[in-house]
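# task: produce atomic coordinates for the following.
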Amino acid sequence: MSRIGRKEIIIPDNIEVIINTSQIVVKGKRGQLSYSISELIEIETNNKIIKLKQKKTTQKAQAIHGLSRSIINNMIQGVSKGFEKKLVIQGVGYRSQMEGKSLVLNIGYSHPVKIEPPEDISIRVENNTNIFITGIDKEKVGQIAATIRSVRPPEPYKGKGIRYENETIKRKVGKAGK
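Residues are numbered from 1 along each chain as shown. Here you go, the predicted model:
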């Protein structure tokens, strides 16, 4: 049985959770998120606590049990606190800036790269090299951060490129001189 799925989800006071037969809606001060629940999972609620149970004991039900619990927990965290990812640009002449709501990256290509975020995701730039991505949906925040990083991933010789804040790059030694 899934150990993650067995954990209880505690609902904070300022969060409202609406559970229909196959849909869960979480409302908070930052916004609203919804998730459709699999028919293999059963939800029990009582006084600010949500418990998930499997209807069948199959391998698929076990996998979806932990996944559903994690997604619902992330929804509750998202509408109460939100999620943030920080990217750092390293390299001589590499910089970023905002044009309206879109992010413009000048990172060594012959043309600037524009990235349009979804409506519920906000991007801000500090010092032309630090990019902050914030939003209530953890999956979307992570996907936008991965998309921005994939434009110029860090290379192992000089470490130039776009990397996550805490990411360490394994450096390689260059050519040996004669």
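# make it CA atoms for all contacts and neighbour counts henceforth
Fine.
# what's the average pLDDT for stretch 84-97?
Stretch 84-97 shows a mean pLDDT of 92.
# show residues contacting that stretch.
Stretch 84-97 is contacted by residues 103-108, 125, 128-135, 141-142, 145, 149, 159-165 when judged by C-alpha atoms under 8 Å, 6 or more residues apart in numbering.
# repeat for stretch 168-177
Pro154, Glu155, Pro156, Tyr157, Lys158, Gly159.
# just the contacts of stretch 84-97: which are in strands?
103-106, 125, 130-135, 161-164 (DSSP state E).
# buried stuff in stretch 83-102?
For stretch 83-102, the buried set under the neighbour-count rule, 16 or more other C-alpha atoms under 10 Å, comprises 83-90, 94-98, 102.
# can you check what angle separates the top helix by length along the chain from strand 130-135?
Scanning the chain for the helix with the most residues, using DSSP state H, yields helix 59-80. Orientation note: helix 59-80 sits at an angle of 110 degrees relative to strand 130-135 (axes from the mean of the first three to the mean of the last three C-alpha atoms, to 10 degrees).
# buried sites along helix 59-80?
Of the residues in helix 59-80, those buried (16+ other C-alpha under 10 Å) are 61-62, 64-66, 68-70, 72-80.
# thought Val104 was touching Ile115, still the case?
Yes - using C-alpha atoms under 8 Å, Ile115 is in contact with Val104, at 6.5 Å.
# got the domain boundaries for this structure?
Split into domains by automatic domain parsing, the chain comes to 3-80, 83-164.
# distance between the ends of the longest one?
Using C-alpha to C-alpha, to the nearest Å, the end-to-end distance of domain 83-164 comes out at 14 Å.
# Pro153: neighbouring residues, count only.
For Pro153, the count of nearby residues is 17 (other C-alpha atoms under 10 Å).
# my bad, Gly28
Gly28, neighbours per other C-alpha under 10 Å, totals 21.
# ok, it - contacts?
Taking C-alpha under 8 Å, 6+ apart, we find Gly28 in contact with Asn14, Ile15, Glu16, Val79, Ser80.
# report the buried members of the ones in strands among the contacts of stretch 84-97.
103-106, 125, 130-135, 161-164.
# nearest to Lys55, of those?
Distance to Lys55 across these (C-alpha to C-alpha) is lowest for Gly135, with 33.1 Å.
# what about the spatially closest residue to that closest one that is not a sequence neighbour, distance to Leu33?
Closest residue in space to Gly135, ignoring its immediate chain neighbours: Ile121 at 4.8 Å, by C-alpha to C-alpha, 6 or more residues apart in numbering. For Ile121, the distance to Leu33 (C-alpha to C-alpha) stands at 13 Å.
# quick one: least confident helix or strand in the chain?
When the helices and strands of the chain are scored by mean pLDDT, DSSP states H and E, helix 3-6 comes last with a mean of 79.
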